[in-house]
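Peer 1: build me a model:
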Amino acid sequence: MEQISQLSEEDWNKLKEIGVLPTFDLIFGRTIRAEAGWYKKVLVVRRKISPYVGWALPGLRQYKDEGFRDTLKRVALDEIGLKVNPRQGIIVNQADGRFQERQDISTAYFFHLTSEDESKIILNQDHFKSHKFLYLNNTSDIPRNMGSIYRSHLTAYLEH
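Peer 2: Next up, the predicted model:
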């Protein structure tokens, strides 16, 4: 994959003022059976980067001239060290996030995560402090301290 050059801070700030940024959030999980019933086990990461500090889904923005399939592969590999087949990703939700300095249009894709995949997760230490798994049965199981985009994605995932 071609190396993408970085914008200057001044150009990045101008872009955020006038543009909408396409972002991709990835839901890695699977349905499991526990004593209390069926749950959706979902990977969440603890972000270091504003405006998404706290528990979130792995995700990044799409680069210019990058197709969405290439974006999905790059996000999975760069964020959690997993290789994915983008054709196996299932669109779960789309939401817009409005922040003081920018607006994102986020598309969430679901990828099945096996127990073998779990052992291969390598976090991007520049972006994340840690990760854990949520066991979701209904929307009340989604942590309230997650950003609204992530809650929207997980709500849609639970409804599938």
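Peer 1: show me the contacts for residue 46.
Peer 2: Applying C-beta atoms under 8 Å, 6 or more residues apart in numbering, we find residue 46 in contact with 54-56, 128-132. C-beta: built from backbone N, CA, C; applies to glycine.
Peer 1: one more: residue 118?
Peer 2: 43, 133.
Peer 1: can you give me phi and psi for it?
Peer 2: Main-chain dihedrals, residue 118, degrees, to the nearest 10: phi -60, psi -40.
Peer 1: can you redo the contacts of residue 46 as a markdown table with secondary structure, pLDDT and neighbour count?
Peer 2: Formatted as a markdown table, the contacts of residue 46 follow (DSSP: H, G, I helix; E, B strand; the rest coil; pLDDT from 0 to 100; neighbours: other C-beta atoms under 10 Å):
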| residue | secondary structure | pLDDT | neighbour count |
| --- | --- | --- | --- |
| 54 | strand | 87 | 16 |
| 55 | strand | 93 | 19 |
| 56 | strand | 93 | 20 |
| 128 | strand | 95 | 17 |
| 129 | strand | 95 | 12 |
| 130 | strand | 96 | 10 |
| 131 | strand | 97 | 17 |
| 132 | strand | 96 | 10 |
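Peer 1: relative to residue 157, how far out is the residue of the chain positioned farthest from its centre?
Peer 2: Largest separation from the mean C-alpha position in the chain: residue 35, at 28.7 Å (C-alpha atoms, centre = their mean). For residue 35, the distance to residue 157 (C-beta to C-beta, to the nearest Å) stands at 22 Å.
Peer 1: nearest to residue 93, of the contacts of residue 46?
Peer 2: Relative to residue 93, the closest of the contacts of residue 46 is residue 56; by C-beta to C-beta it sits at 14.4 Å.
Peer 1: pretty sure that closest one is touching residue 147, no?
Peer 2: Yes: using C-beta atoms under 8 Å, residue 56 is in contact with residue 147, at 6.3 Å.
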